[in-house]
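> Quick one: sequence plus predicted model below, questions after.
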Amino acid sequence: MSSTWHILGAGSLGSLWACRLARAGKAVRLILRDDERVAAYEAAGGLTLIEQDQAHTHAIPAQTATGAGPIHRLLVACKAYDAHKAVAPLLPRLAPNAELILLQNGLGSQDEVAALVPHARCIFASSTEGAFRQADWQVVFAGHGFNWLGDPARPSTPGWLDELEDAGIPHQWTPDILTRLWRKLALNCAINPLTVLHECRNGGLSEHHCEVATLCVELAELLRRCGQPQAADGLAEEVERVIQATAANYSSMYQDVRQGRRTEIHYLLGHACRIAARHGCELPHLERLHRRLVEYLNAHGLPSD
Ligand code: NAD
Ligand code: KPL
């Protein structure tokens, strides 16, 4: 029998997954912060997915963490800094063989969640899909992409991948999910902080070619030191390609800062610097970038952790 998809966090990605699964006839349940949010959601009549200017509302049932019933499958769709705090109240409801799918960008939050749920299986995801909230309970599917899924502790594929297929969620199971996550983290570290500090679109970094190239050398060194040599291969070239291909876009970190939202710095550049220190690896430009970003965020009244 197929398990219900419990979706923790009805933000951009959580809503995108929830709507596509519900549309395909899968059992989906949202887990929202508190009774007030559940009441507001119910008053709105459901989650609306806007795709190619077409809006469809899905009346997916919602509850809070203290709702009834065991949870066999949980999609954690919070920001990295919220993930473990959001999972904690669900511990009494997790079935003995529960599976958690962790959608967080960056690294570090997956281990924080896994430490809380030693008996559950934690599946890591790396997503290049794009979605944003137009209003409460309304999400726009903004950029087609792909979802890599994998479990660093166990290579066997979970039984529900065909449900993602039915729902049209593009995905592939990979034994190298950590390599994927490290590569994305390195790309984000080379691009996002500089777009914040130089207050520019991704394309603006073509004027800071040397700064980007120096960071890529240090990031590649870090990736090799922490056992991810494949993630280091051709990093600088890919960063340049991404800068050209997304020249007109603002990076996700730039957008967070402009909108006064907390960034995921702790799980991106912060994680890279912590791992470098743990390996006794000196990366002066990366560390300086981290310090400058922390100062910038503080000066703009935003948390830097
Ligand atoms: P978001 O801020 O839109 O959504 C997160 C949701 O989690 C919010 O609705 C928030 O209220 C909810 N939440 C937080 N704590 C909660 C709790 N205790 N109980 C219930 N709900 C709680 O974030 P997002 O953009 O969907 O990003 C989620 C993750 O996916 C991030 O790590 C992000 O980097 C990654 N990601 C996002 C995109 C994208 O296009 N949005 C693309 C790739 C990766
Ligand atoms: O993923 C990105 C982001 O903005 O977060 C890109 C476009 C790759 C820039 O790092």
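Looks like it arrived, so ask away. Numbers count the residues shown, from 1 in each chain. Ligands and ions are numbered 1, 2, ... in the order given.

> Start from the N-terminal end of the protein and give the helices.
In the chain, the helices defined using DSSP state H lie at 12-23, 35-44, 80-87, 109-116, 161-166, 177-197, 209-225, 229-232, 235-245, 252-258, 269-278, 284-299.

> Out of these, which gets nearest to Pro96?
Ranking these by proximity to Pro96 (CB to CB) places helix 109-116 first, at 15.1 Å. Every C-beta, even on glycine, is put in place using the N, C-alpha and C of the backbone.

> Output the contacting helices and strands for the closest one.
With contacts defined as 3 or more CB pairs under 8 Å, 6 or more residues apart in numbering; DSSP states H and E, the packing partners of helix 109-116 are helix 80-87, strand 94-102, strand 121-127.

> what residues are up against the residue of the chain found nearest ligand 1?
Residue nearest to ligand 1 within the chain: Gly11 (1.7 Å; CB to the nearest ligand atom). For Gly11, the contact set (CB atoms under 8 Å, 6 or more residues apart in numbering) comprises 77-79, 133, 139.

> Now intersect those residues with the strands, please.
Among the contacts of Gly11, DSSP state E puts 133, 139 in strands.

> of the contacts of Gly11, closest to ligand 2?
Distance to ligand 2 across the contacts of Gly11 (CB to the nearest ligand atom) is lowest for Lys79, with 12.7 Å.

> ok so, going back, now the helices and strands packed on helix 109-116 in a markdown table, with mean neighbour count and distance to ligand 1?
Below are these laid out as a markdown table (neighbours: other CB atoms under 10 Å; distance: least, CB to the nearest ligand atom, whole Å):
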| stretch | mean neighbour count | distance to ligand 1 |
| --- | --- | --- |
| helix 80-87 | 20 | 3 |
| strand 94-102 | 18 | 9 |
| strand 121-127 | 23 | 4 |
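
> wait, Cys133 sits on Ser12?
Just to correct that, residue 133 is Arg rather than Cys. Yes: because the distance of 5.4 Å satisfies CB atoms under 8 Å, Arg133 is recorded as touching Ser12.

> Neighbour count for these two, which is higher?
Remark: of Arg133 and Ser12, Ser12 carries more neighbours, 19 against 13, as counted by other CB atoms under 10 Å.

> Once you drop chain neighbours, what's closest to Asp34?
With CB to CB, 6 or more residues apart in numbering as the criterion, Asp34 has its nearest non-adjacent residue at 5.9 Å, and that residue is Thr64.

> typo on my end, Arg73
Closest residue to Arg73 apart from its sequence neighbours, by CB to CB, 6+ apart: Ser3 at 4.5 Å.

> Over to Leu222?
Of all residues not flanking Leu222 in the chain, Ala276 sits nearest, at 5.3 Å (CB to CB, 6+ apart).

> from memory Trp182 sits against Ala231, does it?
Yes: here Trp182 reaches Ala231: they are 4.3 Å apart, a contact under CB under 8 Å.

> Find residues that contact each of those two.
Leu223.

> pretty sure Ala24 contacts Glu165?
No: at 9.2 Å, Ala24 does not count as touching Glu165 under the criterion of CB under 8 Å.

> Give me the more crowded residue out of those two.
More crowded of Ala24 and Glu165, by other CB under 10 Å: Ala24, with 15 against 12.

> what sits against that one?
Counting by CB under 8 Å, 6+ apart, Ala24 makes contact with 163, 166-168.

> which phi and psi does it have?
Here is the backbone geometry of Ala24 (degrees, to the nearest 10): phi -90, psi 10.

> Relative to ligand 2, how far out is the residue nearest to Ala62 when sequence neighbours are not counted?
Leaving out its chain neighbours, the residue that sits closest to Ala62 by CB to CB, 6+ apart is Leu30, at 4.1 Å. According to CB to the nearest ligand atom, to the nearest Å, Leu30 stands 25 Å off from ligand 2.

> again, but for Glu199
Computed with CB to the nearest ligand atom, the distance linking Glu199 and ligand 2 is 15 Å.

> burial count for that residue?
Counted with other CB under 10 Å, residues neighbouring Glu199 total 12.

> This protein against ligand 1: which residues are in contact?
Counting by CB under 6 Å from any ligand atom, the residues of the chain close to ligand 1 are 8-14, 31-33, 77-80, 82, 85-86, 103-105, 127, 129-131, 133, 264.
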